[in-house]
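**Student:** give me a 3D structure for the following:
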Amino acid sequence: MNIGIIAHNSKRTLIEDFCIAYKGILSKHDIYATGTTGRRIEEVTSMHVHKFLAGSLGGDKQFTEMIQRGAMDMVIFFYNPSMIDQKDPDVMTIVSACDQNIIPVATNIATAEMLILGLGRGDLDWRIGTKSSGEI
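**Tutor:** Residues are numbered from 1 along each chain as shown. Down below sits the predicted model:
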């Protein structure tokens, strides 16, 4: 499955810790991330990450385009609701694209852990069936 990971600057350490903790599950899937986040995930986990441009350079748009094509199967987007920076990826655009394309999305650690543990159990395997049948 294609897992999209994105984080605002103030949440990068949290996303790194998350990826270290769940490396066993994440390493079985294709990981996509904006440039800086992807590089940092690679550095701390030694996993390969497909990297878009940095979010501020258009990577968030590349990320959103992949969601709109239905090519992402799950998105983890850690953002800081009290510190939105214009250079950070647009939360509502990404979450809305996930909702429109029936892609599970987590915007905080609690929901991300539920999704990742479900992924590990096979709870998201329905994505494979719906993608191949053209339902998504």
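
**Student:** residue 49: what's it in contact with?
**Tutor:** The neighbours of residue 49, taking Cβ atoms under 8 Å, 6 or more residues apart in numbering as the test, are 5, 31-33, 38-39, 41-42. (C-beta placed from N, C-alpha, C; glycine too.)

**Student:** now, these that are in strands?
**Tutor:** 5, 31-33 (DSSP state E).

**Student:** from the residues you listed, which is closest to residue 50?
**Tutor:** Nearest to residue 50 among the ones in strands among the contacts of residue 49: residue 32, at 4.7 Å, using Cβ to Cβ.

**Student:** dump the residue contacts of that closest one.
**Tutor:** Shown in contact with residue 32 (Cβ under 8 Å, 6+ apart): 2-5, 38, 49-52, 63, 66, 72.

**Student:** would a markdown table of those with secondary structure and pLDDT be doable?
**Tutor:** Shown next, in a markdown table, are the contacts of residue 32 (DSSP: H, G, I helix; E, B strand; the rest coil; pLDDT from 0 to 100):
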| residue | secondary structure | pLDDT |
| --- | --- | --- |
| 2 | strand | 96 |
| 3 | strand | 97 |
| 4 | strand | 97 |
| 5 | strand | 96 |
| 38 | helix | 95 |
| 49 | strand | 98 |
| 50 | strand | 97 |
| 51 | strand | 96 |
| 52 | coil | 94 |
| 63 | helix | 92 |
| 66 | helix | 95 |
| 72 | coil | 95 |
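
**Student:** what would the residues you listed look like in a markdown table with distance to residue 125?
**Tutor:** What follows is those, written out as a markdown table (distance: Cβ to Cβ, whole Å):
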| residue | distance to residue 125 |
| --- | --- |
| 2 | 14 |
| 3 | 14 |
| 4 | 18 |
| 5 | 20 |
| 38 | 25 |
| 49 | 23 |
| 50 | 21 |
| 51 | 26 |
| 52 | 26 |
| 63 | 23 |
| 66 | 20 |
| 72 | 16 |
